[in-house]
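K.L.:
fold the stuff below for me.
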Amino acid sequence: MRARILAPALAALALLTACTSQKAADEPDNAPRPGSLRILASSELSDMAPVLERIADDTGIEVRPTYMGTLDAVELLAKGKADGRYDALWLSSNDYLRLRPEAAKKVVSETPVMSSPVAVGVKSTRLAQLGWKPGDVTWSQIEQAVQDGRLTYGMTDPARSNSGFATLVSVASALSGAQAALTDADVDKASPRLKEFFKGQKLTSGSSGWLATAYKRRGNVDALLNYESVLKGIPGLTVIRPKDGVVTADYPLSSLASTNAATREDVRRLTEALRTDGTQRLITERTHRRPVVPSVDPAPGLDPGRRRELPFPGTRSVADGLLDSYENELRRPSRTVYVLDTSGSMEGDRLEQLKKALTDLTGDFREREEVTLMPFGSSVKSVATHVVEPSDPKAGLAGIREDTDALTAEGDTAIYTSLEAAYQHLGSGRDTFTSIVLMTDGENTAGTDSAGFHAWYIGLDRERRSTPVFPILFGDSSKSELEYIAELTGGRLFDAQQGSLDGAFEEIRGYQ
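P.N.:
Here you go, the predicted model:
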């Protein structure tokens with residue numbers, strides 16, 4: 001069995017758009033309008049809003065972005081789901097898009113707007129202990145520090161975030177010694193060292209923004225691997241561009257083949273406005289990205305020295321193989337407790353939606369992953385744990401589907417008592433990524449209340465408190481109640497009222 005890597009369910013794409021966009025594709029105001037451009041953009045570009053507002057004043061072109069993970073956006077494009085719904089594409093990189101012919105043919109032009117290399121942000125105190133000079137650090141030194149137990153870090157999920165994918169390619173290229181585009185042989189050669197390297201990853205995330213928030217909250221990792229522009233915005237980090245090379249995002253603005261000549265002219269005008277000296281200075285000062293026009297210098301604090309650009313995989317099979325290896329062999333395995341509301345109010349269509357979402361999700365579980373189903377009503381009804389063993393993954397997945405199919409709806413809604421049971425089940429001291437997913441269609445009506453849970457939670461040891469809860473807003477559940485749980489535990493709320501339950505479960509995968 002191999003986990004689905006780059007083709008998450010199209011249902012998930014609908015939710016991703018609903019959760020992260022300013023203008024969702026299915027909203028009435030996403031219809032074409034003169035003087036505006038509907039742009040499918042990488043989620044990290046939300047920080048460009050002030051720049052785009054200024055350009056709108058200068059040019060009269062309004063940008064209406066829909067934010068989405070880069071790899072998910074490529075999948076949407078490849079499936080033809082962007083045709084007629086968007087006027088332009090603005091991703092952190094088109095490197096992966098070019099490996100997908102069915103996506104590449106949808107793009108008729110692309111022009112880089114700014115750039116940001118993959119980098120390592122190390123706590124200044126840890127940097128001093130390591131004795132590193134920032135300008136001389138290599139990926140091999142970073143790997144050695146991990147092996148010696150002197151460095152831990154966080155990074156985003158490469159299967160969903162382009163910053164994570166670019167980081168994975170950077171590390172694999174550097175540790176394999178590849179002198180050209182990565183090949184399967186390069187990946188095989190680097191695998192032993194990559195396994196050692198990823199032992200140092202203690203924090204994962206589906207987005208750069210949540211990664212930074214989790215880093216600040218938990219304080220249990222020494223470094224973050226991400227784009228330089230992201231790391232520069234986090235206090236207390238010394239940003240290092242490894243001496244032996246990096247992969248760089250160049251943020252190309254691209255016209256789509258499905259548009260007309262007038263729309264493409266507006267895209268050209270927008271691109272031209274983004275590349276003027278004044279706008280390039282504004283971009284580098286506000287976002288810590290680097291200008292792409294030679295007449296503008298990088299903002300203060302951005303090292304002007306050059307670094308070797310590491311080669312990107314030359315074929316999709318190599319890229320997918322690298323991701324597959326990361327998901328199923330290289331990274332730490334995951335342990336997740338799914339705390340599932342099966343109270344009486346879930347009877348009927350809601351329970352069927354839950355069963356379908358969980359059944360569909362089994363195709364995305366990774367090898368070595370531990371999945372616990374904990375349905376609850378007035379109390380926890382049962383606890384069933386399954387492991388997707390590499391030797392027989394089908395057995396674990398079949399067990400999850402069987403237990404899912406057996407779910408029934410009855411009882412009240414004991415949210416907080418069930419969450420306490422989930423934390424007790426996970427325990428502490430396991431070398432895994434741990435998380436709790438809470439799905440409920442109502443408010444707490446039985447067992448411990450919110451005050452009691454708060455007192456219980458803050459009494460946990462630090463390691464247990466580092467396990468986040470990812471609540472899903474569904475049915476008649478209370479947004480304020482679930483936001484409180486996410487904030488208390490360092491998780492994030494996912495909305496299945498505006499999107500789909502399938503999509504919410506799928507999006508959470510990037511955080512597990």
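K.L.:
pLDDT weak spots in the stretch 201-350 of the chain?
P.N.:
Of all residues in the stretch 201-350 of the chain, none has pLDDT under 70.
K.L.:
can you show me the helices along it?
P.N.:
Per DSSP state H, counting those that start in this stretch, the stretch 201-350 of the chain carries helices over the ranges 208-218, 228-231, 261-274, 277-287, 316-325, 349-361.
K.L.:
for the fifth one, which outside residues touch it?
P.N.:
So that's helix 316-325. 2-3, 5-6, 96, 99-100, 158-159, 165, 168-169, 172, 181-184, 187, 191, 194, 313 (CB atoms under 8 Å, 6 or more residues apart in numbering). Backbone N, C-alpha and C define where each C-beta goes, glycine included.
K.L.:
rewinding a little: to Glu53, which of the helices of the stretch 201-350 of the chain lies closest?
P.N.:
helix 277-287 (11.0 Å; CB to CB).
K.L.:
from the contact counts, what lies against that closest one?
P.N.:
Packing partners of helix 277-287 (3 or more CB pairs under 8 Å, 6 or more residues apart in numbering; DSSP states H and E): helix 49-59, strand 114-123, helix 261-274, strand 290-291.
K.L.:
CA-only coordinates of the third one, as CSV, when you get a sec.
P.N.:
It refers to helix 261-274. Output of helix 261-274 as CSV, limited to C-alpha atoms (Å, rounded to 0.1, in the frame of the first residue of the first chain):
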residue,chain,number,x,y,z
ALA,A,261,-6.9,38.2,-24.8
ALA,A,262,-8.3,41.1,-22.7
THR,A,263,-7.8,39.1,-19.5
ARG,A,264,-4.3,38.1,-20.4
GLU,A,265,-3.5,41.8,-21.0
ASP,A,266,-4.7,42.6,-17.5
VAL,A,267,-2.4,39.8,-16.2
ARG,A,268,0.5,41.3,-18.1
ARG,A,269,-0.3,44.8,-16.7
LEU,A,270,-0.5,43.4,-13.1
THR,A,271,2.8,41.6,-13.6
GLU,A,272,4.4,44.7,-14.9
ALA,A,273,3.1,46.7,-11.9
LEU,A,274,4.5,44.1,-9.5
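K.L.:
with adjacent residues omitted, what lies nearest to the residue nearest the centre of the chain?
P.N.:
When CA atoms, centre = their mean is applied to the chain, the residue found nearest the centroid is Gly206 (1.9 Å). Of all residues beyond its chain neighbours, the one nearest Gly206 is Gly510 (2.4 Å), with distances taken as CB to CB, 6 or more residues apart in numbering.
K.L.:
now that neighbour: how far from Leu438?
P.N.:
According to CB to CB, to the nearest Å, Gly510 and Leu438 sit 17 Å apart.
K.L.:
the two: who's more crowded?
P.N.:
Under the criterion of other CB atoms under 10 Å, the comparison of Gly510 against Leu438 puts Leu438 first, with 27 against 22.
K.L.:
read off the pLDDT value for the more buried one.
P.N.:
Listed pLDDT for Leu438 reads 98.
K.L.:
do the one 4 residues further on as well
P.N.:
Looking at Gly442, its pLDDT is 94.
K.L.:
what about it, neighbour count?
P.N.:
20.
K.L.:
list the buried residues for stretch 179-188?
P.N.:
Neighbour-count burial for stretch 179-188, counted by 16 or more other CB atoms under 10 Å, picks out 182-183, 186-187.
K.L.:
max pairwise distance over those residues: which two?
P.N.:
Thr183 and Val187 (7.3 Å).
K.L.:
rewinding a little: among the helices of the stretch 201-350 of the chain, which is nearest Gln147?
P.N.:
It is, among these and with distance given as CB to CB, helix 316-325, at 19.0 Å.
K.L.:
all helices of the stretch 401-512 of the chain, in order?
P.N.:
Counting by DSSP H, counting those that start in this stretch, the helices of the stretch 401-512 of the chain are 415-426, 450-458, 462-465, 479-489, 501-508.
K.L.:
if any of the contacts of helix 316-325 are buried, put those into a ChimeraX selection.
P.N.:
To isolate the buried ones among the contacts of helix 316-325 in ChimeraX, judged by 16+ other CB under 10 Å, type:
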select :3,5,6,96,99,100,158,159,165,168,169,172,182,183,187,191,194,313
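K.L.:
and this protein, what are its domain boundaries?
P.N.:
Structural domains assigned to the chain are 10-114+251-291, 116-248+307-327, 333-511, following automatic domain parsing.
K.L.:
can you tell which of the ones you listed is closest to Pro300?
P.N.:
So among the domains of the chain, domain 10-114+251-291 is nearest, using CB to CB, at 8.6 Å.
K.L.:
next one: the closest one to chain centre, how far?
P.N.:
19 Å (CA atoms, centre = their mean, to the nearest Å).
K.L.:
pull out the buried residues from stretch 488-500.
P.N.:
488-497, 499-500.
K.L.:
let me redo that: stretch 131-140
P.N.:
132, 137-140.
K.L.:
stretch 112-129 too?
P.N.:
112-123, 126-127.
K.L.:
export it to PDB, keeping only CA atoms.
P.N.:
Extracted C-alpha coordinates of stretch 112-129, given in PDB (Å, rounded to 0.1, in the frame of the first residue of the first chain):
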ATOM      1  CA  PRO A 112       8.700  35.600 -11.700                       C
ATOM      2  CA  VAL A 113       7.600  38.300  -9.300                       C
ATOM      3  CA  MET A 114       9.900  37.800  -6.300                       C
ATOM      4  CA  SER A 115      11.900  35.000  -4.700                       C
ATOM      5  CA  SER A 116      12.600  33.300  -1.400                       C
ATOM      6  CA  PRO A 117      15.000  30.400  -0.800                       C
ATOM      7  CA  VAL A 118      14.500  27.500   1.500                       C
ATOM      8  CA  ALA A 119      16.400  28.200   4.700                       C
ATOM      9  CA  VAL A 120      16.900  27.000   8.300                       C
ATOM     10  CA  GLY A 121      15.900  29.300  11.200                       C
ATOM     11  CA  VAL A 122      17.800  28.300  14.300                       C
ATOM     12  CA  LYS A 123      17.300  29.600  17.800                       C
ATOM     13  CA  SER A 124      20.100  32.000  18.500                       C
ATOM     14  CA  THR A 125      20.900  30.200  21.800                       C
ATOM     15  CA  ARG A 126      21.200  26.800  20.100                       C
ATOM     16  CA  LEU A 127      23.300  28.300  17.300                       C
ATOM     17  CA  ALA A 128      25.800  29.500  19.900                       C
ATOM     18  CA  GLN A 129      25.900  26.100  21.500                       C
END
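K.L.:
for the record, mean pLDDT for that stretch?
P.N.:
Mean predicted confidence for stretch 112-129 is 96.
K.L.:
thinking again about what came up before, mind checking which of the buried residues of stretch 488-500 are in strands?
P.N.:
Using DSSP state E, the subset of the buried residues of stretch 488-500 located in strands is 494-495.
K.L.:
same list, the buried residues of stretch 488-500, but as a markdown table with pLDDT and distance to Ser43 please.
P.N.:
Shown next, in a markdown table, are the buried residues of stretch 488-500 (pLDDT from 0 to 100; distance: CB to CB, whole Å):
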| residue | pLDDT | distance to Ser43 |
| --- | --- | --- |
| Leu488 | 97 | 25 |
| Thr489 | 97 | 23 |
| Gly490 | 94 | 20 |
| Gly491 | 95 | 18 |
| Arg492 | 95 | 13 |
| Leu493 | 96 | 16 |
| Phe494 | 95 | 14 |
| Asp495 | 94 | 15 |
| Ala496 | 94 | 19 |
| Gln497 | 90 | 20 |
| Gly499 | 83 | 15 |
| Ser500 | 89 | 19 |
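K.L.:
out of the buried residues of stretch 488-500, who's nearest Met346?
P.N.:
Ala496 (13.1 Å).
K.L.:
and that closest one, how far from Glu443?
P.N.:
For Ala496, the distance to Glu443 - CB to CB - is 16 Å.
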